[in-house]
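Would you be able to build a 3D model of this:
(2 chains)
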2 protein chains.
Amino acid sequence: MNGIREGWFSEVNALWPGQCMSLEVEEVLLHEKSPFQDVMMLKTKHHGNALILDGVIQVTESDEFSYHEIGSNVPLNAHPNPEKVLIIGGGDGGMAREVCRNPAVKSVTQCEIDELVVNACKKYLPNLAVGFDDPKMNLIIGDGFDFMGKHKGEFDVIITDSSDPFGPAKVLFEKPYYQLMMEALRPGGIIASQGECLWLHLDLIRDMFKFCREIFPVVDYTTVSVPTYPSGQIGFMLCSLNPETNFRKPVRTFTDEEIETLGLKYYNTEMHAASFVLPHFAKKVLEGKAQK
Amino acid sequence: MNGIREGWFSEVNALWPGQCMSLEVEEVLLHEKSPFQDVMMLKTKHHGNALILDGVIQVTESDEFSYHEIGSNVPLNAHPNPEKVLIIGGGDGGMAREVCRNPAVKSVTQCEIDELVVNACKKYLPNLAVGFDDPKMNLIIGDGFDFMGKHKGEFDVIITDSSDPFGPAKVLFEKPYYQLMMEALRPGGIIASQGECLWLHLDLIRDMFKFCREIFPVVDYTTVSVPTYPSGQIGFMLCSLNPETNFRKPVRTFTDEEIETLGLKYYNTEMHAASFVLPHFAKKVLEGKAQK
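Numbering: from 1, shown residues only, chains lettered A, B, ... in the order given. Here you go, the predicted model:
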């Protein structure tokens, strides 16, 4: 059931036991092992090109915009002055594209560990990798831990666009990584970090809330609908060094006309607020841990 | 890739081309053909028991609550006095369970065409079929079209809990069916009808908005996260005969304490409002057609 069989790619994984998303494949465009992971690019029949890392769907052209628009604009618009942004991971370029699109951002540094991913996406996902060409961008191939260890107190917003908590990305869901992000922030800085799915990983998210609360005065969680992700939804952990931050009420709002001009397809100001409303079963578990 | 192979049930269908959800199966509890459809009940490994009709997942015990709680409480709490309710379809009993749970409801009539489905759910989905045992309930095995044709002006709220728009359920997504529901309503009545997925069927939903607007003064659309449905999301068309209805602002709200007492797991008053916020791409297509 795993991998490609009879024209379908299937995504079996212990992180979402007993359920599996499959995409119909027209052509395998690339399949190589990098020093870090198994990298596959598929031309699918109905979802555009799709990047698969270690057997897990990272992005498809059909629905990547929702993830990238929420993961960028929610933290950026909760910061009064998000001039200097750091992206960790995000080798497809989609997060860079959205961060650069936000008019409040002046410079973006991105640290991605796997050059093969970047090159594959430049070739096969040009609508995402266009982010790397933005004049605001500075792309560094390297390890995020190392990079942040050498850049303390530099960034207004740090966004982690990572794969799931197994293998090399597991550490990105643990307290030392969040501590390192905190130290790389300027005063009043904000982070947004890939936060898995309420339907699948509520225990993990509850534990992340707990350690984030020990590091940051404000912690919250936003969700977004992404059809090709497990259970069709993913979230981001949001933390702020500014005790006045209210993630749910953006300090910068876009009118619908501005949304059109910016070319956004999922995010708007109503969606910003709605993305924080949790199913009751999740609200109960995280309640008291989210900001008031 | 379709049906059961090597311990996995897969759901290939032309309504969601090129993508497929699979569930790992422990045991096939029942597989029979009724006069209306192919009926299968699976014991899955990680999602409880699952009802499959004509090869399509209808409910799993793991996530059915979100669909049923939104599909019932959003229309019921938008009506000032939803005493008499009609459910069309919903043979698993989950919608009946949620409608009966709402304290404003006094009597519920349900018209389900397929007795085999009801009996299978009584045996294998007792936590859903418990709805049929409620003292408010009156279950009729029969055709919803016939039933409504003989019951004009009788109901405050009508909820259609149907399968997808192919085969026998196709007509439930067309104007004559909505006309029939309108005629079966009391003055000021409200309907909620299964409305497919914004990510997959935006053209269908746009067309439904158009004909609903010709029948009802108020039309809106609510969405809910259901991990085992295609793209992880489904919606309901909402229509009201009362021009004053604002679906987004319920006339009856539940405190979190009441949510606990009622035993709701997904719906709460914040979620009621948030369920109407559409991704910008969908808002644009439906805009001007939704209520202000």
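
make it CA atoms for all contacts and neighbour counts henceforth
Will do.

List the buried residues of the strand or helix carrying residue A:180.
Taking DSSP states H and E as the criterion, residue A:180 maps to helix A:175-184. Buried residues in helix A:175-184, defined by neighbour count with 16 or more other Cα atoms under 10 Å in any protein chain shown: A:175, A:178, A:180-184.

List of residues touching that helix?
With Cα atoms under 8 Å, 6 or more residues apart in numbering or on different chains as the test, helix A:175-184 has contacts from A:145, A:148-149, A:151-155, A:158, A:171-172, A:189, A:191, A:208, A:211-212, A:215-216, A:241.

So which of those residues belong to strands?
Under the assignment DSSP state E, these contribute A:155, A:158, A:189, A:191 to strands.

Need the max-distance pair from the residues you listed.
With Cα to Cα as the measure, no two of the ones in strands among the contacts of helix A:175-184 lie farther apart than A:155 and A:191, at 9.6 Å.

now, which of the ones in strands among the contacts of helix A:175-184 sits nearest residue B:247?
So of the ones in strands among the contacts of helix A:175-184, ranked by how close each gets to residue B:247 (Cα to Cα), first place is residue A:191, at 35.2 Å.

in chain A, which spans are helices?
Secondary structure of chain A, counting by DSSP state H: helices at A:64-77, A:94-101, A:115-124, A:126-129, A:144-149, A:175-184, A:202-215, A:256-262, A:269-274, A:280-286.

Dump the ones you listed to TSV, plus distance to residue B:134.
As requested, those are exported to TSV (distance: least, Cα to Cα, whole Å):
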stretch	distance to residue B:134
helix A:64-77	41
helix A:94-101	51
helix A:115-124	56
helix A:126-129	53
helix A:144-149	57
helix A:175-184	49
helix A:202-215	32
helix A:256-262	47
helix A:269-274	34
helix A:280-286	24
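
Which parts of chain A belong to which domain?
The record's domain parsing of chain A by automatic domain parsing lists A:3-60, A:64-286.

any chance of the ones you listed in CSV, plus distance to residue B:117 and mean pLDDT?
Shown next, in CSV, are the domains of chain A (distance: least, Cα to Cα, whole Å; pLDDT from 0 to 100):
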stretch, distance to residue B:117, mean pLDDT
domain A:3-60, 24, 97
domain A:64-286, 26, 97
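
Pick the most buried one from those.
Of all the domains of chain A, domain A:64-286 has the most neighbours on average by mean count of other Cα atoms under 10 Å in any protein chain shown, namely a mean of 20.

Spell out which residues of chain A are next to chain B.
A:1, A:6, A:8, A:17-25, A:44-47, A:199, A:225-228, A:230-233, A:264-268, A:270-271, A:274-275, A:277-281 (Cα under 8 Å from any Cα of the partner chain).

Out of those residues, list just those in strands.
Reading strands off the residues of chain A next to chain B with DSSP E, I get A:8, A:19-25, A:44, A:225, A:233.

Make a markdown table out of those and add distance to residue A:105.
Output for those, formatted as a markdown table (distance: Cα to Cα, whole Å):
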| residue | distance to residue A:105 |
| --- | --- |
| A:8 | 40 |
| A:19 | 39 |
| A:20 | 38 |
| A:21 | 36 |
| A:22 | 37 |
| A:23 | 36 |
| A:24 | 38 |
| A:25 | 38 |
| A:44 | 34 |
| A:225 | 25 |
| A:233 | 27 |
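
So which of these is the closest to residue A:98?
Closest to residue A:98 out of these is residue A:225 (16.9 Å), distances taken as Cα to Cα.

can you tell me which residues contact the most far-flung residue of chain A relative to its centre?
Relative to the centre of chain A, and counting by Cα atoms, centre = their mean, the farthest-placed residue is residue A:6 at 31.3 Å. Neighbouring residues of residue A:6 by Cα under 8 Å, 6+ apart: residue B:1.

Please apply the same query to residue A:26.
Applying Cα under 8 Å, 6+ apart to residue A:26 gives the contacts A:7, A:42-45.

picking up where we left off before, include distance to residue B:12 when you put the domains of chain A into JSON lines, please.
As requested, those are exported to JSON lines (distance: least, Cα to Cα, whole Å):
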{"stretch": "domain A:3-60", "distance to residue B:12": "10"}
{"stretch": "domain A:64-286", "distance to residue B:12": "15"}
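
Residue A:97: what's it in contact with?
Contacts for residue A:97 were tallied using Cα under 8 Å, 6+ apart; they are A:128-132, A:134.

repeat that for 10 Å
Applying Cα atoms under 10 Å, 6 or more residues apart in numbering or on different chains, we find residue A:97 in contact with A:68-69, A:72, A:127-134, A:137.

Same check on residue A:74?
The contact partners of residue A:74, by Cα under 10 Å, 6+ apart, come to A:192, A:222, A:236, A:238, A:247-250, A:252, A:267-269, A:271-273, A:275-276.

Swap in 8 Å and give it another go.
Going by Cα under 8 Å, 6+ apart, residue A:74 touches A:247, A:250, A:272.

which one of the residues you listed sits closest to chain B?
Closest approach to chain B among the contacts of residue A:74 (Cα to the nearest Cα): residue A:272, at 9.6 Å.

How much space separates the closest residue to the closest one other than its chain neighbours from residue B:275?
Once flanking residues are discounted, residue A:272 sits nearest to residue A:74: 6.2 Å by Cα to Cα, 6 or more residues apart in numbering or on different chains. From residue A:74 over to residue B:275 the distance is 18 Å, taken as Cα to Cα, to the nearest Å.

How about residue A:108?
Residue A:108 is 34 Å from residue B:275, by Cα to Cα.

circling back: check the contacts of residue A:26 against residue A:165 and report the nearest one.
Of all those, residue A:165 sits closest to residue A:42, with 22.9 Å by Cα to Cα.
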